[in-house]
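1. How does the following fold in three dimensions:
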Amino acid sequence: MQTDSLPTPIPLVDLDRLDANITRVADYAAAHALTLRPHVKTHKSLRIGRAQLDAGATGFTCATPREAEVMRTLTDDILLAYPPVGHARAARVAELARHTRLRVMLDSREAVNALIAAAAGGGGPIGVLVELDLGMGRVGVGTPAEAVTLARHVAEQPGLEYLGVAFYPRHIRGPGVDDALAVLNRDLGSTIDALTRAGMPPIVVSGGSTPTLWDSHRITGLTEIRPGTSVYNDRTTAEIGACGWDDCALTVLATVVSTAVPGQAIVDAGTKALGREPIRGADVPGFGVLLDRPEVYVRAMSEEHGTLELSQSSWRPTIGEQVRIIPNHVCIVTHLFDEAVGVRRHDVIERWPIDARGR
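-> Have a look, this model is predicted:
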């Protein structure tokens, strides 16, 4: 089957690029003695997760109970990178704890208390990583003293096991990485020192993001990385220099449905296929670019329509022509589809479901 026979819009995954991305990350982690725990939010797929484990990943990072419930069919080593707050979420965490070696990241006594109730449901002890805010300003305790207080509270609870600390440095991207890493190392070092003095040295120091992936070995004390986007990569990671354009494995196949307005073309991939996230850390317009014509970008979108900006290109598409769009943020795209299609050039090789969609 050829790609021109596929219904659009639909995500295509270049299998050669996918394999190279998985291998490159696994080799990097092994070379620097870092535990590799990929975040499944990007692919949400058993097919891709199995390939990551085969390459050397020790387990998975998950954002939702749904992701964890699906991925525990491949491994019992799961990190839930989200506080277990709320009765429904805590109940699902309790069920997970009966079947997996579960670890949870959290930043409050309230989240600890929710986890205590989950641990009471049986199974092994639930491992806890105290989440730190090292500059992103989203979640995480903000000072070494807070980290010590929360770690001590965790260590006192039956059914819980204090393991260390975790952080997410997504704020470090683009220019100024050296200075930002110096600040991160300073603050992380202060927290590790405070925990060590308090008699609770972290066994696990878990961090990393795709923008900082290849600098992970420069983070003092880091033991584990949790890259997500790097399995596919996207326009953002390419624009900020975290990958090359040839490393972008996932594109959205779309069809030109109108050329009625001069200077533009309309494709059948809108917000329900591409999401609506601008690029952070790079001054570029639009919501995606064409794989083979990067000067053509998706200028605007409605739910089912994407507007291709043609002013910087001599190409003039015909109605019915298919294009492949590199999205700004691939993790959003995955969640919008039921399946992905693995291809080599124009040949359809395999298809797989997006197993961990939904809540």
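
2. Select the longest strand from this structure.
-> strand 250-258 (DSSP state E).

3. Which elements pack onto the helix or strand that comes right after that one?
-> Following strand 250-258 in sequence order, the next helix or strand is strand 264-267 (DSSP states H and E). Where contact means 3 or more C-beta pairs under 8 Å, 6 or more residues apart in numbering; DSSP states H and E, strand 264-267 is packed against strand 250-258, strand 306-309. Every residue, glycine included, has its C-beta placed from N, CA and C.

4. which one of these has the most crowded surroundings?
-> strand 306-309 (a mean of 24; mean count of other C-beta atoms under 10 Å).

5. mind checking how far the helix or strand following that strand is from the chain centre?
-> Helices and strands here follow DSSP H and E; after strand 306-309, the next one along the chain is strand 322-327. Strand 322-327 sits 21 Å away from the centroid of its parent chain (C-alpha atoms, centre = their mean, to the nearest Å).

6. strands paired with strand 322-327, and their directions?
-> strand 250-258 (antiparallel), strand 288-290 (antiparallel) (DSSP bridges).

7. Ok, which of the ones you listed comes nearest residue 307?
-> Proximity to residue 307 (C-beta to C-beta) singles out strand 250-258 among the strands paired with strand 322-327, at 9.7 Å.

8. For the closest one, output the C-alpha coordinates as PDB.
-> Below are the C-alpha coordinates for strand 250-258, written out as PDB (Å, rounded to 0.1, in the frame of the first residue of the first chain):
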ATOM      1  CA  LEU A 250       6.400  12.000  12.600                       C
ATOM      2  CA  THR A 251       4.600  14.000  10.000                       C
ATOM      3  CA  VAL A 252       0.900  14.600   9.400                       C
ATOM      4  CA  LEU A 253      -0.200  13.500   6.000                       C
ATOM      5  CA  ALA A 254      -2.800  16.000   4.700                       C
ATOM      6  CA  THR A 255      -4.600  16.700   1.400                       C
ATOM      7  CA  VAL A 256      -4.900  20.100  -0.400                       C
ATOM      8  CA  VAL A 257      -8.700  20.700  -0.600                       C
ATOM      9  CA  SER A 258      -8.800  24.300  -1.900                       C
END
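
9. which stretches of this protein form helices?
-> 15-31, 46-55, 65-71, 87-97, 109-119, 144-155, 177-197, 235-239, 271-274, 330-335 (DSSP state H).

10. show me what contacts residue 200?
-> 148, 151-152, 155, 162 (C-beta atoms under 8 Å, 6 or more residues apart in numbering).
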